[in-house]
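Participant: Please work out how this folds:
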Amino acid sequence: MKSSWLPRLKPLIPELLGLLVLVLFPILPLGWRALHLPEVILFVPVQEFLDRVASQLPIIFILTILALGLNVIVGYTGLLHLGMGAFFGIGAYLTGILTVPGYPFECGFWLALVLSTAGAALAGVMLGAPTLRLRGDYLALVTLGFGEVVRFSLRNLEEITAGTRALNPIPPPNLRWLGLTPGSWSDDMRPFYYLTLVLLVGIVWLLRNLERSRLGRAWVAIREDELAATCMGINAPRAKLAAFAVGSALAGLAGSLYATKLTTTAGPDAYDFNRSIIVLACVILGGLGSIRGVIVGSMLLIGFDNVFAPMLDGVIQKANINPTGSRFLMFTNWRLIIFGLALVLMMRYRPAGLLPAKRGVGL
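Facilitator: Numbers count the residues shown, from 1 in each chain. Sure thing, here's the model as predicted:
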């Protein structure tokens, strides 16, 4: 008799294989010589490449969580949101205020993570409540303005946020119950790598269940036709507020992890409009409303930005292609143009994204 769980497991094989690769990857840079790889590929030492990928993957996981939060608002509910970087910054600065020595709180990492997530969710509800009647370009303008207000507030409230100097040092998480001391976080990147990976997997599981729930179906109904959804008895304002809350909470969670990883909140300009647009590009590239697509889009765009672009600059320097240091020959200065070109080509030839959702998506 055939097991009933095998048909359910078959569609998840690509995700499980990808997860297995990510789980094993931190071990790979330590034992890559056993694989008989060449020592240098295109002027780049393989060991250096693998170490850089491993060090940047936690940041990629964190920004993937941010993109998944935006996907709840834009992909599921169809609300064009251009201020996600603001909630990312709110989570980061709340973590800084709650943990940095010199403030009266000095909470632990886990409490700060929960409070930062809840604070960003509350900010999302406060933004969503007065904008429930807005859609399309009008909502985009409001969220864009909110993002700029938050950024300039973080810069000008120097007594609270330290202005452009950022808040630091943010202490590492306390995982003594796993036998890890705080010093091990700075000596070994793997504990934080696995922490962010576990949180990402948990969020993916949560969103998969959420999109099959009554609330998730209400979001899709509102996205497709809000008037018809309202006539069917769906409380559209409440569902929209829930989308804002969930998306903002995930952004706050990502911001808290980001600040903890960097041991600083970074300056307010780290949470500007460019951050929101790059995350939106990840969602569009992968596929609106598709969890698989958002993960793939984030891996491609953020991986290209954080890993391949700097390494290509190193290749150009080692090949002596740019001896004068001209900005026009630095690859990182062209990355936004490449992002824009990729989005134009996607909209022309694959408007639903690389891995589109099963149901059609329309803003």
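Participant: what about Val142, how many neighbours?
Facilitator: 18 (other Cβ atoms under 10 Å). Where C-beta positions appear, they are placed from N, C-alpha and C, glycine not excepted.
Participant: Leaving out chain neighbours, which residue sits closest to it?
Facilitator: Leaving aside its chain neighbours, Val142 sits nearest to Thr131 (5.2 Å; criterion: Cβ to Cβ, 6 or more residues apart in numbering).
Participant: thought that neighbour was touching Ala140?
Facilitator: No. With the criterion set as Cβ atoms under 8 Å, Thr131 and Ala140 do not qualify as a contacting pair; they are 10.5 Å apart.
Participant: From Tyr194, how far out is Val246?
Facilitator: Computed with Cβ to Cβ, to the nearest Å, the distance linking Val246 and Tyr194 is 25 Å.
Participant: With Ala118 instead?
Facilitator: 24 Å.
Participant: Contacts only, for Leu127.
Facilitator: For Leu127, the set of contacting residues under the criterion of Cβ atoms under 8 Å, 6 or more residues apart in numbering consists of 83, 142-143, 146, 244, 248.
Participant: Among the residues you listed, which one has the most neighbours?
Facilitator: The most crowded member of the contacts of Leu127, judged by other Cβ under 10 Å, is Ser248 (33 neighbours).
Participant: For that residue, report the pLDDT, please.
Facilitator: At Ser248, the predicted lDDT confidence score is 96.
Participant: Low-confidence bits of the chain, can you list those?
Facilitator: Regions of the chain meeting the criterion pLDDT under 70 cover residues 1-11, 28-47, 175-188, 319, 322-329, 359-363.
Participant: Gly246 against Leu70, yeah?
Facilitator: You called it Gly, but residue 246 is Val. No. Val246 is beyond contact range of Leu70, at 10.8 Å (criterion: Cβ under 8 Å).
Participant: between those two, who's got more neighbours?
Facilitator: When neighbours are counted by other Cβ under 10 Å, Val246 and Leu70 differ, and Leu70 comes out ahead with 26 against 23.
Participant: Number of residues surrounding Asp51?
Facilitator: Residues contacting Asp51 under the criterion other Cβ under 10 Å number 16.
Participant: Same question for Ile203.
Facilitator: Residues near Ile203, counting by other Cβ under 10 Å: 20.
Participant: Tyr138 now?
Facilitator: 12.
Participant: my guess is it is in a strand, correct?
Facilitator: No. When the secondary structure is assigned by DSSP: H, G, I helix; E, B strand; the rest coil, Tyr138 falls in helix instead of a strand.
Participant: 45 is where my numbering starts, stick with that
Facilitator: I'll keep to 45 as the first residue from here, and by that count the last item is Tyr182.
Participant: so how far is Lys305 from it?
Facilitator: As for Tyr182, its distance to Lys305 is 36 Å (criterion: Cβ to Cβ).
Participant: And the host helix or strand of Leu389, how far out from the chain middle?
Facilitator: Element membership for Leu389, per DSSP states H and E: helix 379-393. Distance of helix 379-393 from its chain centroid, counting by Cα atoms, centre = their mean, to the nearest Å, is 20 Å.
Participant: other SSEs contacting it?
Facilitator: Helix 379-393 is packed against helix 317-330, with contacts defined by 3 or more Cβ pairs under 8 Å, 6 or more residues apart in numbering; DSSP states H and E.
Participant: Tell me what angle the helix it packs on forms with helix 379-393.
Facilitator: Between the direction of helix 317-330 and that of helix 379-393, the angle (axes from the mean of the first three to the mean of the last three Cα atoms, to 10 degrees) works out to 30 degrees.
Participant: helices or strands up against the helix or strand just after helix 317-330?
Facilitator: Tracing the chain C-terminally past helix 317-330 and defining elements by DSSP H and E, one meets helix 335-347 next. Helix 335-347 makes packing contacts with helix 90-115, helix 234-256, helix 317-330 when contacts are defined by 3+ Cβ pairs under 8 Å, 6+ apart.
Participant: quick one: contacts of helix 335-347?
Facilitator: 59, 97, 100, 103-104, 107-108, 111-112, 115, 119, 248, 251-252, 255, 322-323, 325-331, 383, 397-401.
Participant: among the residues you listed, which ones are buried?
Facilitator: Buried residues within these, defined by neighbour count using 16 or more other Cβ atoms under 10 Å: 97, 100, 103-104, 107-108, 111-112, 115, 119, 248, 251, 255, 322-323, 325-331, 383, 397-401.
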